[in-house]
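**Q** here is my input, please return the structure:
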Amino acid sequence: MPRTQRREKARDSPALLGSPQLRDAPSRRNLVTAFIVILLLTPILLLLTTLLPAGPTQRLNLWLGIHIGEGWRAPSRQEDEYLIGVGKADITGPCVEINLMGYADPNQIGTGLRQRLYSRAFIVANPVNPMDRFVYLVLDTQSGDTAVRYGILSGLQELGAEYIDYGHHNLAVTGTHSHSGPGAWLNYLLPQITSKGFDKQSYRAIVDGALLSIRRAHESLALGRLSIGSTKVFGANINRSLFAYLANPEDERARYNISSEDDGSVEKDLTLLKFQRSSDGKNIGVLTWFPTHGTSVLGNNTLISGDNKGVAAYLFEKSVIGDESAAEGFVAGFSQADVGDTSPNVLGAWCEDGSGERCSFENSTCSDGRSQKCHGRGPRFMEDDQGTSSCFEIGKRQFEPARELYDHLNQVPNPVRGGWVKSFHTFHNMSNHQFRLSNGTEVRTCPAALGYSFAAGTSDGPGAFEFTQHGSNSSNTSPIWRVVGGMLKEPTEEQIACHAPKPILLDVGEVFRPYPWTPNVVDVQVFRVGQLVIIVSPGEASTMAGRRWKNAVSDEITARFAGEAQPVDPIVVLGGPANSYTHYITTEEEYGIQRYEGASTLYGPHTLAAYINVTLSWIPYLSSSASRRPPKGPEPPNNSNRSLSFIPSVILDSPPFFKKFGGVKQDVEDKYQTGARVTATFVGANPRNNLRLERSYAAVEKLVTTSGSESPTGELHKERAQRQEENLTANALWEVVRDDSDWYLVFRWRRTSELLGTSEVEITWETEDPWAEPGRYRFRYFGDAKSLSGEVTEFEGVSGEFELI
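**A** Here you go, the predicted model:
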């Protein structure tokens, strides 16, 4: 990238969001200027609002230009219009030497990058009262998180008065539940154990990228319309704990059993919200909800990616490039839903022991009575690629019906109606919430605890040792586990009785040293725009748990807001895991089975009922006339500045003797057939020295001939680095056609000597890439080397040229 372009890019870098030099002085000048202008214009505006034959809405519109996007002017508002904005930014943390978050395997350490991770922000506001707004984030992460959310809220405050309307009540931080992102960023101690603690670099990448995505969405705010629809998605999810699901009442299950293909064991509905700008009729984004675990890429994978949701978003955003219906910078968010018991490994769980047998239905074990060889199979499981092919296929199976629904809504809109935008958020202590069930029974929740079957894992990622799903307890596992659990904290008789029938393995909710191990205080949050209601869940709700939660909210809203001018029934969706990570939320019947999901339901058998109870108690704050917010509740701790870390830092990078950084160690061949894998190896440096957010470690450049003034084709989206270099031939240049954001360009890093600090980088283009075209290409590697003094220096490497035929 030319240095001038790099400087321009740096102005939009997440690292600069918190820079007081860039922020404070201009904001002070702007405040003084604004104050003077207001003093001068106020009498004139008051006179105009008095004399002009305008209604209250038109008068209010005079004030909407304070700031709703750069250069925004308030046109006359039509019925069912909202202020809408979308934004996207890079949140890719360290792709090497950090444990991946999701499978809790300490040996799953990152070695490179298949696909960059993103935060996608969606803002909806009421044009008449812009303070009524919400921002829904979809992060390519395992979940939302308390510390991350605190960091984002703090960053929004630092951005100044322009962002004063964003706060706890209207910020949802959801994760796609990818198990292929770097870890070490979570707030509580338990998930930090396998990552050797907390890593500031990993944490800041998420926080800064999320802030940048919100800033971009905020600056793009404009009047627009929302349209909503749903469609069926087949072949992208199954129920991995069907034995537990079948414990739910038969008549309840029968209501959702539509056909053999849609038997109700998982939800097949994908809900899509389309954002359309009024000024030119172009769509600026879509936000979808559909449940399937981010476990297509398997536990033996060490490359960073957004898993199947990341693929779906990648395919959708790529599909609208050049589409007349879509605006430049179109953002597609694929959010999770009631994901708890779903799996993308749709061929089911099989024993990888040579027997060719399915795993046992009841507890997912094989002939040896253990769970370690029981693995779910994705649609392309025969490919020996750590689930990569299956991941792309499951992502594609979500993208294709979503795209068809998008096209349908372009032709036959189903508008979100009502005009109002409402939200609430409160913190609630789940360690001892006492309430009454609908049948009058008094019940309570418990301090968080995990059961024995938690350690068994699932068929998506089996655990270790002799634990199994359903049936594991102290009587049929090694006595050492009771000792281990007791060393953490021996549960009291009251705690044991509260969690029954869960046999407690880890009493994590009653351990606070050196800081809390897991949350007892949870986020309860709901958004409402017109007839759409979004439950923001901090845990992974099972299929039936999600249905009960959504039905309860729908019934309450229908009854309580019957007098509002709303022409259609509420549409209720559930998104998560969000804001924190409270593990699983199952029905009481599923909890009684004590498979993995039930054992991971933290607050006892009445966890779901408690979430519903607390949610319904705050529904009045979603009224179209509501002007107050519920009390904040007991705030959970922010452990980001006191978390332990045993992750070693980068000490030194050195090239091998008589070599230089970026030098080619193994070059490409002259020619390749389309479909082949093209690879080059470079003298490298540790990628942790510079995350290259909004930039790239690797690129494929294509030799393009032009006719003087002709510009490049621009087939990559606007956030891609457009690095061009003149060739020796007149009217020819090298154009970047693939970078880190592309699924088919893979960046791998390997340490070759710990003592000498040497390493190498391998760049591979998998040209089965459906967009690969014949032509002349080369690789470019962007690296950053750290000296013993700590200075980091950028460098580049370029491969030889090759022909793709």
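**Q** SS state for the closest residue to Glu510 other than its chain neighbours?
**A** Using C-beta to C-beta, 6 or more residues apart in numbering and skipping residues adjacent in sequence, the residue nearest Glu510 is Pro447, 5.0 Å away. From N, CA and C alone the C-beta is placed, and that goes for glycine too. Three-state call for Pro447 (DSSP: H, G, I helix; E, B strand; the rest coil): coil.
**Q** surely Pro447 and Gly509 touch.
**A** Yes: between Pro447 and Gly509 there is a contact at 3.6 Å, judged by C-beta atoms under 8 Å.
**Q** look at the spatially closest residue to Asp740 that is not a sequence neighbour and give its secondary structure.
**A** Nearest residue to Asp740 in three dimensions, chain neighbours excluded: Ser696, at 4.3 Å (C-beta to C-beta, 6+ apart). Three-state assignment for Ser696 (three-state DSSP): coil.
**Q** do Asn301 as well
**A** coil.
**Q** which SSE is immediately downstream of the helix or strand of the chain with the lowest mean pLDDT?
**A** When each helix and strand of the chain is scored by mean pLDDT, DSSP states H and E, helix 56-61 comes last, with a mean of 30. Next in sequence after helix 56-61, counting helices and strands by DSSP states H and E, comes strand 82-90.
**Q** ok so, going back, what about the residue nearest to Asp740, distance to Gly329?
**A** Between Ser696 and Gly329 the computed distance is 18 Å (C-beta to C-beta, to the nearest Å).
**Q** who has more neighbours, the two?
**A** Taking other C-beta atoms under 10 Å, Ser696 and Gly329 do not tie; Ser696 has more neighbours (24 against 16).
**Q** so what does the helix or strand hosting Ala609 touch, helix or strand wise?
**A** According to DSSP H and E, Ala609 maps onto helix 607-617. Applying 3 or more C-beta pairs under 8 Å, 6 or more residues apart in numbering; DSSP states H and E, one finds that helix 607-617 contacts strand 434-436, strand 521-529, helix 543-560, strand 584-585, helix 588-593.
**Q** so for that helix, mean pLDDT?
**A** Helix 607-617 shows a mean pLDDT of 98 in the predicted model.
**Q** same question for stretch 386-403.
**A** 98.
**Q** mind checking how far the residue sitting nearest the centre point of the chain is from Gly333?
**A** Centroid-nearest residue in the chain: Leu139, 2.4 Å away (criterion: C-alpha atoms, centre = their mean). Distance of Leu139 to Gly333, computed by C-beta to C-beta: 10 Å.
**Q** now do the shared contacts for these two.
**A** Residues touching both Leu139 and Gly333 (C-beta atoms under 8 Å, 6 or more residues apart in numbering): Arg120.
**Q** tell me, what's touching Pro447 and Gly509 both at once?
**A** Ser431, Asn520, Tyr603.
**Q** drop anything exposed from those residues.
**A** Buried subset of those (neighbour count, 16 or more other C-beta atoms under 10 Å): Ser431, Asn520, Tyr603.
**Q** contacts for stretch 209-216 next, please.
**A** For stretch 209-216, contacts defined as C-beta under 8 Å, 6+ apart pick out 12, 14, 17, 86-92, 118-121, 123, 135, 137, 139, 148, 152, 155-156, 159, 163, 166, 173, 693-694.
**Q** what is the mean pLDDT for that stretch?
**A** The average pLDDT for stretch 209-216 rounds to 98.
**Q** hang on, the earlier thing: in the helix holding Ala609, which residues are buried?
**A** Under 16+ other C-beta under 10 Å, the buried positions of helix 607-617 are Thr607, Leu608, Ala609, Ala610, Tyr611, Ile612, Asn613, Val614, Thr615, Leu616.
**Q** need those in JSON lines (columns: distance to Ile805).
**A** JSON lines is the format used below for the buried residues of helix 607-617 (distance: C-beta to C-beta, whole Å):
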{"residue": "Thr607", "distance to Ile805": "59"}
{"residue": "Leu608", "distance to Ile805": "58"}
{"residue": "Ala609", "distance to Ile805": "63"}
{"residue": "Ala610", "distance to Ile805": "63"}
{"residue": "Tyr611", "distance to Ile805": "58"}
{"residue": "Ile612", "distance to Ile805": "61"}
{"residue": "Asn613", "distance to Ile805": "65"}
{"residue": "Val614", "distance to Ile805": "63"}
{"residue": "Thr615", "distance to Ile805": "59"}
{"residue": "Leu616", "distance to Ile805": "64"}
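**Q** where do the strands of the stretch 151-300 of the chain begin and end?
**A** Remark: strands assigned in the stretch 151-300 of the chain by DSSP state E, counting those that start in this stretch are 171-175, 181-182, 222-232, 238-239, 269-277, 283-289.
**Q** what residues are up against Gln336?
**A** Thr174, Gly175, Thr176, His177, Trp289, Phe290, Pro291, Gly294, Lys309, Gly575, Gly576, Pro577.
**Q** got the residues you listed as CSV, with pLDDT and neighbour count columns?
**A** Below are the contacts of Gln336 laid out as CSV (pLDDT from 0 to 100; neighbours: other C-beta atoms under 10 Å):
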residue, pLDDT, neighbour count
Thr174, 98, 26
Gly175, 98, 29
Thr176, 98, 28
His177, 98, 29
Trp289, 98, 24
Phe290, 98, 29
Pro291, 98, 27
Gly294, 98, 29
Lys309, 98, 29
Gly575, 98, 26
Gly576, 95, 33
Pro577, 98, 29
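**Q** count of residues packed around Leu756?
**A** With other C-beta under 10 Å as criterion, Leu756 counts 14.
**Q** actually Tyr118, not the one I typed
**A** Neighbours of Tyr118 (other C-beta under 10 Å): 27.
**Q** I'd say it and Ile304 touch.
**A** No: Tyr118 is beyond contact range of Ile304, at 11.9 Å (criterion: C-beta under 8 Å).
**Q** now Leu189: closest residue in space that isn't a chain neighbour?
**A** For Leu189, the spatially nearest residue (C-beta to C-beta, 6+ apart) is Trp517, at 4.6 Å.
**Q** what backbone torsions are found at that neighbour?
**A** phi -80, psi -30 (degrees, to the nearest 10).
**Q** which pLDDT value goes with it?
**A** Trp517 is assigned a pLDDT of 97 by the prediction.
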